[in-house]
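Chemist: whatever this is, show me its structure:
(one chain, ligands or ions: 2)
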Amino acid sequence: MTAPARPRPLGALKTLAAFRAHLQAQGVALGCDEAVEVGPGAPLARAHRLGDGRLIGNRFCIHPMEGWDGTPDGRPSELTRRRWRRFGESGAKLIWGGEAVAVRADGRANPNQLCLDRATAPSLGALRDELAAAHRVRHGGDGDLLVGLQLTHSGRFSRPAPGPPQPRPAQAHPVLDRRFPDGVAVRVFSDDELDALAETFVDAAVLAADAGFAFVDVKHCHGYLGHELLGCHTRPGRYGGALANRMRFLELVVSGIRRRAPALGIGVRVSAIDVVPFARGPDGRGVPEPVALPYLHGFGVDAGRPTEPDLREPIAFLQRVRDLGIELVNITAGSPYYNPHLQRPALYPPSDGYDPPADPLHFVAAQIAATAALKRAVPELFVIGTGYSYLQEFLPAVAQNVIRTGGADAIGIGRLALSYPDFPADVLGGRPLDRHRLCRTFSDCTTGPRNGLPSGCYPLDPFYKERPDAVRVKALRPRAGTGAET
Ligand SMILES: Cc1cc2nc3c(=O)[nH]c(=O)nc-3n(C[C@H](O)[C@H](O)[C@H](O)COP(=O)(O)O)c2cc1C
Ligand code: SF4
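Modeler: Numbering: from 1, shown residues only. Ligands and ions are numbered 1, 2, ... in the order given. All right, here's what the predicted structure looks like:
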């Protein structure tokens, strides 16, 4: 994998043939279809009925996209409501969680994260209803629209109040612990505290069911608590060591939900592949941090060669997930905090990031290949894939190829849903893409929140472009003044 000085922007490639030639030149294996079909029988348009009878009207999914814009007590703000309405208008028939919602205050990743409790539940129900209403207005009925809520505790990345972080990790970590500012108290979750937290997840799931959500995602991704638990190979006690122990938290939450909200669907978003934490190297590009081998602090990572994924445990995890009666699985990778090049491939890094260690297409392809291998290994699952926004003009051709060849059951849209929310509707309707709204992976939607501002597509969404925060975000860019907009 050789990295060019700066990867070629995909917007410069004018045809599918040029894209294919670029993939070949980069040594990236990614299928793409010659023509994207439209009409009810088209691969991306086909509906799917889940085992519990619920219908998903097409193969586009909107990933959870947090806005760092809730009220101090965890309710949606007008900015949150606008984002969710736009998700509803997108034309995608699966809304995976809207955004991460903390199940209790100490688990918020930032003081503006949504939080689900008795007091806030009605406002989250109203948010769901507003999304569904926006969908009905734009696309007719919503009988085939499935809306879930992502439940989380931010664990190591908790920062519930302004000021320093208040980390609640699942384990001591040889690299990530060094990143806490001096003087911060690090309180690893005890077994008893995890037992109690599982009950709180169940309480939150019951509230989500009552608020009208069709399913909850018991979040196991991106370095937050559920994901970190999966990597606790060396943790003593009931939640560490064997995979069964590392899945204990999920099992407790699932059995509690089955007992107390039996009609509620359950999904799991999991970082199924990972690599060691990366840091900015001397030339600005990301380099892996040195770790002692074997590396026993991750999940889906090769312990002997921890810059490579290892799918053996993720397959075992998903087989158990299937056996627990869970059908909805959203496959993602790594963490935006310690290896963003893998988690959200981008041409331009956020303010706390680094330049991609290789052409971002390698990391798009890695996510797509891992997802296809997992789908093949556990075909009973309805699998959503991640990492597609980087594909821009060529997303529909790759997405159709993935669905047509059985590499996933639905295509998840993340950042692109901020810049161009009705992208799915345009693809399904056979309309030409609006190139001016395609996400060009400038990372401003990450740079904003890393600096205490709300997220949003500051470069391309006129609503955010006109906000005073846009000027501050632009100044915070690692290459401020280099004119990243196209
Ligand atoms: C601003 C922003 C907010 C995000 N919020 C969440 C979140 O709340 N929950 C989650 O699981 N992933 C979150 N993600 C990750 C995305 O869901 C998605 O995995 C990632 O952006 C890669 O997909 P993409 O290439 O389509 O953008 C967020 C990403 C961004 C850029
Ligand atoms: S700010 Fe807009 S263009 Fe940049 S990565 Fe986010 S959604 Fe894409």
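
Chemist: quick one: contacts for whichever residue of the stretch 201-350 of the chain sits closest to ligand 2?
Modeler: With Cβ to the nearest ligand atom as the measure, A346 is the residue of the stretch 201-350 of the chain nearest to ligand 2, at 6.4 Å. Every residue, glycine included, has its C-beta placed from N, CA and C. The contact partners of A346, by Cβ atoms under 8 Å, 6 or more residues apart in numbering, come to P340, G353, P356, P360, Y390, T441, F442, S443.

Chemist: give me the element it is part of.
Modeler: Following DSSP states H and E, there is no helix or strand that holds A346.

Chemist: got it, and the one 5 residues further on?
Modeler: Assigning secondary structure by DSSP H and E places S351 outside every helix and strand.

Chemist: what helix or strand is L127 on?
Modeler: Counting by DSSP H and E, L127 is part of helix 121-139.

Chemist: packing partners for the helix or strand just after that helix?
Modeler: Tracing the chain C-terminally past helix 121-139 and defining elements by DSSP H and E, one meets strand 146-152 next. Other helices and strands packing on strand 146-152, by 3 or more Cβ pairs under 8 Å, 6 or more residues apart in numbering; DSSP states H and E, are strand 94-95, strand 100-102, helix 121-139, helix 191-210, strand 215-218, strand 265-273.

Chemist: let's have those in CSV, adding mean neighbour count.
Modeler: Formatted as CSV, those follow (neighbours: other Cβ atoms under 10 Å):
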stretch, mean neighbour count
strand 94-95, 28
strand 100-102, 27
helix 121-139, 19
helix 191-210, 19
strand 215-218, 28
strand 265-273, 27
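
Chemist: can you tell me which of these is nearest to A425?
Modeler: When the helices and strands packed on strand 146-152 are compared by Cβ to Cβ, helix 121-139 sits nearest A425, at 7.2 Å.

Chemist: other residues contacting that closest one?
Modeler: 75-76, 80-81, 84-89, 91, 95, 98, 101, 114, 116, 142, 145, 147, 149, 207-208, 210-213, 422, 425.

Chemist: just the buried residues from the residues you listed, in ChimeraX please.
Modeler: For the buried members of those, the matching ChimeraX selection, counting by 16 or more other Cβ atoms under 10 Å, is:
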select :75,76,80,81,84,85,86,87,88,89,91,95,98,101,114,116,142,145,147,149,207,208,211,213,422,425
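
Chemist: and the contacts of helix 121-139 near ligand 2, which?
Modeler: Residues of the contacts of helix 121-139 in contact with ligand 2 (Cβ under 6 Å from any ligand atom): none.

Chemist: rebuild the helices and strands packed on strand 146-152 as JSON lines, extending it with mean pLDDT.
Modeler: Supplementary listing: those in JSON lines, determined by pLDDT from 0 to 100:
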{"stretch": "strand 94-95", "mean pLDDT": "98"}
{"stretch": "strand 100-102", "mean pLDDT": "98"}
{"stretch": "helix 121-139", "mean pLDDT": "98"}
{"stretch": "helix 191-210", "mean pLDDT": "98"}
{"stretch": "strand 215-218", "mean pLDDT": "98"}
{"stretch": "strand 265-273", "mean pLDDT": "98"}
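
Chemist: so can I have TSV of those showing distance to H173?
Modeler: Formatted as TSV, those follow (distance: least, Cβ to Cβ, whole Å):
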stretch	distance to H173
strand 94-95	33
strand 100-102	21
helix 121-139	32
helix 191-210	17
strand 215-218	22
strand 265-273	15
